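J.: After the sequence you'll find the predicted model.
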Amino acid sequence: MPIGPFRSTLTRVLAAAAVLLPALVATSPATAYFPAACPADGPISQHFHSGHNGVDIAANYGTPIYAVGDGEVTISGTEPGYGQWIRIRHPDGTMSEYGHMSRRDVLAGDHVAAGQQIALVGSEGQSSGPHLHLRIWGDSSASYGVDPVPFLAERGVILPCIPGTTPQPAPLVYPAESGRVVSARSADGRLEVFAAGADGVHHAWQSEVNGAWSAWESLGGPAGAELAIGPNKDGRLELFAINGNVFQHRYQLSTSGNWSGWENFGGGGKDIAVGANKDGRLEVFASGPVGVFHKYQVAPNSGWSEWESTGGGPANSRLEMEKAPDGRLEVFALNGDVFQHLFQTAVNGGWSQWEAFGGGGHDLTVDHNRDGRLEVFASGPVGVFHKYQTNPTSWSDWEPTGGPANSQLTSESSADGRVEVFAINGSVAQHLWQTGVNAPYGQWASFGTGGTEITAATNADGRIEVFGTSSAGVYHKWQTGFSSWSDWAWLSNTAGPPIN
Ligand SMILES: [Zn+2]
């Protein structure tokens, strides 16, 4: 199920927030996001940061500039820094500013519509080349602007953009995260979550799309398991659970429907990951004392192969999978000593040999940039490091990001395609996000107190929802906007299983 553009789902976002968190909504100003328009055709040449109050869109001299929203032109003039510039006040009180232009087409007092041409790109004022400097004020009394990238994304425009086009929704890419808590979206848009307690696996689900949660249901199954979840080609979710002695799975009997009971899937092991081949066949990897094995559906929605060796791989490793833009799956395996990866050599096809990927560590998460480049995060004693594809066949070196030592990691893409990473250890929870689509990351920020495991999923309306576990039970926390979050809360006011 694709994620809808934010501007068509805002009423549902607000409605969902009202259902989930009446107290917060009651004390928040009523926000009605206006439908935005693309300001100019060109790549981002400088992002918003503490020394740059706006975003730069590089474009040739004379490229048309369009109003990002309906409003009144309050300034159309010249100024030493900006050169020729325009300010538009939008009906919700936010303001947009456009600088360095070679020509202005509107005057102060004019009313403009979203997408109306207002100027041409130039290089006037303090400018090193032709570009649009776009600045956004969240309210008229603020002393510094807000990041135009999420501001526009909340209003349906993802930078860089093409004027006059409707933004395309981000693709929903499986595999999902594996761990002691996993969540995935049913074909009808409702999230489901599974948590592995000492007495077996517990299950809860949204009783309405983007909305409230069921009570927890105890499913039995492997005790103290590691879990993975993925969708069959027909949309039926399938859950896998492994511990040192047993490996079982269960699956939806119909799309978004009830679940089967537990069925045997193999011998015990350390960890699992599941991904969907481009043709829709699920493929499962499991680690154990002698390396990593895999097993795959012989046809979509169908039966399974026997277990096969992958030719090695790190013993008792933590596993994650991701999918390259061309549909080839890639597997990453980390234990305390080594980090290796393995990838399909053809779509739906065979697998490479294991290759070195880095040193050992504690946990890993893998995600894909909006442009498809994979990005891997790994935690260890001195924090979280990342490594990313610089093109489809080559990787950067490892780079430090800071973050909590020896943390459990998860990641998720926001509706505008920016990757966000969540880390939890015994004392803190923190998160880190891309400052723009396919862009570098900002600083780690507080996300709560410590816990034992973390995972994230995306609601049908594009809001990320995070599940954190502790010895007291399972918490969740969800986006109320691109940069705003609810507090942590129990699902349906009940703690669920303790996860140690
Ligand atoms: Zn600028």
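T.: Thanks, I have it.
J.: contacts and neighbour counts: CA atoms only from here.
T.: Fine.
J.: Could you measure from residue 59 over to residue 153?
T.: Noted for residue 59: a distance of 20 Å to residue 153, by CA to CA, to the nearest Å.
J.: What of residue 43?
T.: From residue 43 over to residue 153 (counting by CA to CA), the distance is 15 Å.
J.: more crowded one of these two?
T.: Taking other CA atoms under 10 Å, residue 43 and residue 153 do not tie; residue 153 has more neighbours (22 against 14).
J.: quick check, the more buried one in a strand?
T.: No - per DSSP: H, G, I helix; E, B strand; the rest coil, residue 153 lies outside any strand segment and is helix.
J.: residues near the residue lying closest to it once chain neighbours are set aside, how many?
T.: The shortest distance from residue 153 to any non-neighbouring residue, by CA to CA, 6 or more residues apart in numbering, is to residue 416 (5.8 Å). Residue 416 has 27 neighbouring residues, counting by other CA under 10 Å.
J.: so residue 416 touches residue 160, yeah?
T.: No - the pair residue 416 / residue 160 is not scored as a contact, 10.9 Å apart, by CA atoms under 8 Å.
J.: Identify each buried residue in stretch 388-397, please.
T.: Buried residues in stretch 388-397, defined by neighbour count with 16 or more other CA atoms under 10 Å: 388-389.
J.: Kindly report the same for stretch 100-114.
T.: Result for stretch 100-114 [16+ other CA under 10 Å]: buried residues 100-104, 106, 112-114.
J.: again, but for stretch 461-474
T.: Of all the residues in stretch 461-474, those buried under the rule 16+ other CA under 10 Å are 461-470, 473-474.
J.: Now it: average pLDDT?
T.: The average pLDDT for stretch 461-474 rounds to 92.
J.: how far does that stretch sit from the chain's center?
T.: 14 Å (CA atoms, centre = their mean, to the nearest Å).
J.: Double-check that residue 150 belongs to a strand.
T.: No - using three-state DSSP, the assignment for residue 150 is helix, not a strand.
J.: buried ones in stretch 120-139?
T.: The neighbour-count check on stretch 120-139 (16+ other CA under 10 Å) flags 120-125, 127, 130-138 as buried.
J.: Do a quick rundown of the strands in the stretch 151-300 of the chain.
T.: 181-185, 191-197, 200-205, 217-220, 226-231, 237-242, 246-251, 263-267, 271-276, 282-288, 291-296 (DSSP state E, counting those that start in this stretch).
J.: which helices and strands sit right next to the third one?
T.: Translated: strand 200-205. strand 191-197, strand 217-220 (3 or more CA pairs under 8 Å, 6 or more residues apart in numbering; DSSP states H and E).
J.: Name the residues that touch it?
T.: 190-196, 213-225, 496-497 (CA atoms under 8 Å, 6 or more residues apart in numbering).
J.: Drop anything exposed from these.
T.: Counted by 16+ other CA under 10 Å, the contacts of strand 200-205 give 190-196, 213-216, 218, 221-225, 496-497 as buried.
J.: ok, which of these also contact the ion?
T.: Checking these against the ion by CA under 5 Å from the ion, not one of them is in range.
J.: Could you list the single helix or strand in this protein with the lowest mean pLDDT?
T.: Every helix and strand in the chain was compared by mean pLDDT, DSSP states H and E; the lowest is helix 22-27, with a mean of 28.
J.: continuing past it, what's the next helix or strand?
T.: strand 44-46 (DSSP states H and E).
J.: Just give the strands next to that following strand in its sheet, each with its orientation.
T.: If you go by DSSP bridges, strand 44-46 pairs up with strand 55-58 (antiparallel).
J.: Following element in sequence after the strand it pairs with, please.
T.: As assigned by DSSP H and E, the chain's next helix or strand after strand 55-58 is strand 64-66.
J.: That following strand: how far from the chain's middle?
T.: 31 Å.
J.: helices and strands around that strand, which ones?
T.: Short answer (3+ CA pairs under 8 Å, 6+ apart): strand 64-66 packs on strand 117-120.
J.: State the pLDDT value of residue 35.
T.: pLDDT recorded at residue 35 is 82.
J.: Grab the nearest non-local neighbour of it.
T.: If the residues on either side of it in the chain are set aside, residue 35 comes closest to residue 155, at 5.1 Å by CA to CA, 6+ apart.
J.: I figured the one you found hits residue 38, correct?
T.: No - contact criterion CA under 8 Å: residue 155 and residue 38 do not qualify, at 10.4 Å.
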